[in-house]
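Undergrad: please work out how this folds:
(one chain, ligands or ions: 1)
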Amino acid sequence: MIVLGIESSCDDTAAAIIRDNQILSSVVANQHHIHQRFGGIVPELASRDHLVKITTVVEQALENAQITLAEVELIAATQGPGLIGSLLVGFCFAKSLAYRLAQPVVGVDHLSGHILSPFLERTVPAFPYIALIVSGGTTALFFVQDFSTYRLIGRTRDDAAGEAFDKIARMLNLGYPGGPIIAERARHAAALDTTFPRAWLEEGSLDFSFSGLKTAVSHYIAKARSAGKADPVNSVCRAFQEAVVEVLVKKTLAAAQKYQTDQIVVGGGVAANEALREALSAASQSLGISSYLPAQANCTDNAAMIAFAGLKNFQAGRSSTLSEDVFPRSTLGN
Ligand code: KG4
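TA: Sure thing, here's the model as predicted:
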């Protein structure tokens, strides 16, 4: 089945064409140049830019896949969670196109796109598996039993991991998005003279918290500056990244053991982080657990994963009506 996927939940306008589980094209237009000077996403500017770009991005995806609109059999679009204005652009565009083509449209929960993204790779996980979803807006663990049955087993109580990367980068005046910049700074940095705290929370908890870590970094920087020291920026990036990675890896492995599965999937923008990928692969290997990490381009927001999740929804008998609305928060797995 040929599926057109559309993603516009945050600051990426994306469209993709898939045939079953094969990606024929995937186009992503990011808005980093617009939000960079604010150190974070400005929702109104994001939705306006989606409006400007969406037609071109969809046309480009069709052209790259050498598919005509008439050949599209299903349209899948992110329905939530995300920024309302941004979601509305993509979902309304998808509904209008479906009406015009007289083809079905299916709304997709963005998180299910990340959860199922490894199915677009060469080696795929087996059910049940643990999915760690780490992005700018989400940090959560799911127990995934099949394509549409998920249980939310852990989530952040404050900041998402990607949000923490972005806020620390802003604190250090490094630019936006913070994740890739901090990862680069940390790569060859010397060790810091201290370690930052890890929030393990209550015994056995699979929840996360990154606000204490953020405060600890901010205090460290303030102290270093008032002592007249040169900012040890790269070492702070390294110590911060180590703290985030250790918690993500240990809680994900603990979840696999608790739910008795040897399959782990990681998705979301932070899953592009090399230090996290290496630490998780090494730690899972030592426990005989298989970890599945999508290619880096498929970790950050893209429409191929939305097309695939939409296809699975549709095959399970679900489609959207033209009067359906978008939703800002996910209820997936609750
Ligand atoms: O999934 P995603 O593309 O979309 C949103 O949630 O908006 O994730 C974006 C997030 C940003 O917070 C960004 O800083 C983070 O993922 N990110 C990374 C890396 N690449 C992107 N964080 C750590 N290391 C990276 N290499």
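Undergrad: need the longest helix for the protein.
TA: helix 233-258 (DSSP state H).
Undergrad: how close does residue 278 sit to residue 333?
TA: 28 Å (CB to CB, to the nearest Å). C-betas here are computed from N, CA, C, even on glycine.
Undergrad: residue 160 now?
TA: 16 Å.
Undergrad: which residues touch the closest residue to the ligand within the stretch 101-250 of the chain?
TA: Distances between the stretch 101-250 of the chain and the ligand by CB to the nearest ligand atom are smallest at residue 179, namely 2.1 Å. Applying CB atoms under 8 Å, 6 or more residues apart in numbering to residue 179 gives the contacts 162, 165-166, 169, 269-270, 272-273.
Undergrad: how about those residues, which pair is most distant?
TA: By the measure CB to CB, 169 and 272 form the most distant pair in the contacts of residue 179, at 14.9 Å.
Undergrad: phi, psi for the residue in the stretch 201-334 of the chain positioned nearest to the ligand please.
TA: Nearest to the ligand, among the residues of the stretch 201-334 of the chain, is residue 269, at 2.1 Å (CB to the nearest ligand atom). Torsion angles at residue 269 (phi, psi; degrees, to the nearest 10) stand at phi -50, psi -40.
Undergrad: for it, the count of nearby residues, please.
TA: Look at residue 269: counted by other CB atoms under 10 Å, it has 27 neighbours.
Undergrad: from what I can see it touches residue 133, true?
TA: No: contact criterion CB atoms under 8 Å: residue 269 and residue 133 do not qualify, at 10.0 Å.
Undergrad: the helices in the stretch 201-334 of the chain, which residues?
TA: Listed in chain order, the helices of the stretch 201-334 of the chain (DSSP state H, counting those that start in this stretch) span 211-226, 233-258, 274-286, 304-315.
Undergrad: which of the ones you listed sits most buried?
TA: With neighbours taken as mean count of other CB atoms under 10 Å, these reach their highest mean count in helix 304-315, at a mean of 27.
Undergrad: pull that helix out as CSV, backbone CA atoms only.
TA: Provided in CSV are the C-alpha atoms of helix 304-315 (Å, rounded to 0.1, in the frame of the first residue of the first chain):
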residue,chain,number,x,y,z
ALA,A,304,8.1,8.1,7.3
MET,A,305,7.5,6.9,10.8
ILE,A,306,4.1,8.7,10.8
ALA,A,307,3.2,7.0,7.5
PHE,A,308,4.1,3.6,8.9
ALA,A,309,2.2,4.1,12.2
GLY,A,310,-0.7,5.3,10.1
LEU,A,311,-0.6,2.2,7.9
LYS,A,312,-0.7,0.0,11.0
ASN,A,313,-3.6,2.0,12.4
PHE,A,314,-5.5,1.6,9.1
GLN,A,315,-4.8,-2.1,8.8
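Undergrad: so how far is it off the chain centroid?
TA: Relative to its chain's centre, helix 304-315 lies at 16 Å (CA atoms, centre = their mean, to the nearest Å).
Undergrad: ditto for stretch 48-61
TA: On CA atoms, centre = their mean, the centre of stretch 48-61 falls 21 Å from that of its chain.
Undergrad: is any residue of the strand or helix carrying residue 133 near the ligand?
TA: Element membership of residue 133, judged by DSSP states H and E, is strand 129-134. No: figure legend: strand 129-134 not in contact with the ligand (CB under 6 Å from any ligand atom); closest approach 7.5 Å.
Undergrad: avg pLDDT for that strand?
TA: The average pLDDT within strand 129-134 is 98.
Undergrad: quick one, what contacts the residue positioned nearest the centre of the chain?
TA: Closest to where the C-alpha atoms of the chain average out (CA atoms, centre = their mean) is residue 268, at 2.3 Å. Contact partners of residue 268, counting by CB under 8 Å, 6+ apart, are 114, 133-135, 138, 162, 299-300.
Undergrad: same thing with residue 11?
TA: Per CB under 8 Å, 6+ apart, neighbours of residue 11: 30-32, 34-35, 41, 46, 49, 86.
Undergrad: nearest residue to it in space, please, no chain neighbours.
TA: residue 31 (4.4 Å; CB to CB, 6 or more residues apart in numbering).
Undergrad: re the thing from before, pLDDT score assigned to the residue nearest to the centre of the chain?
TA: Listed pLDDT for residue 268 reads 96.
Undergrad: so how far is residue 153 from the closest residue to it other than its chain neighbours?
TA: Nearest non-adjacent residue to residue 268, counting by CB to CB, 6+ apart: residue 135, 3.4 Å away. As judged by CB to CB, residue 135 and residue 153 stand 17 Å apart.
Undergrad: ok, residue 235 next?
TA: Per CB to CB, residue 235 is found 34 Å from residue 153.
Undergrad: what mean pLDDT does stretch 147-157 have?
TA: Stretch 147-157 shows a mean pLDDT of 97.
Undergrad: what's the angle between the host helix or strand of residue 28 and helix 304-315?
TA: Using DSSP H and E, residue 28 sits within strand 22-30. With axes from the mean of the first three to the mean of the last three CA atoms, to 10 degrees applied, the angle from strand 22-30 to helix 304-315 works out at 130 degrees.
Undergrad: nothing else from me, thank you.
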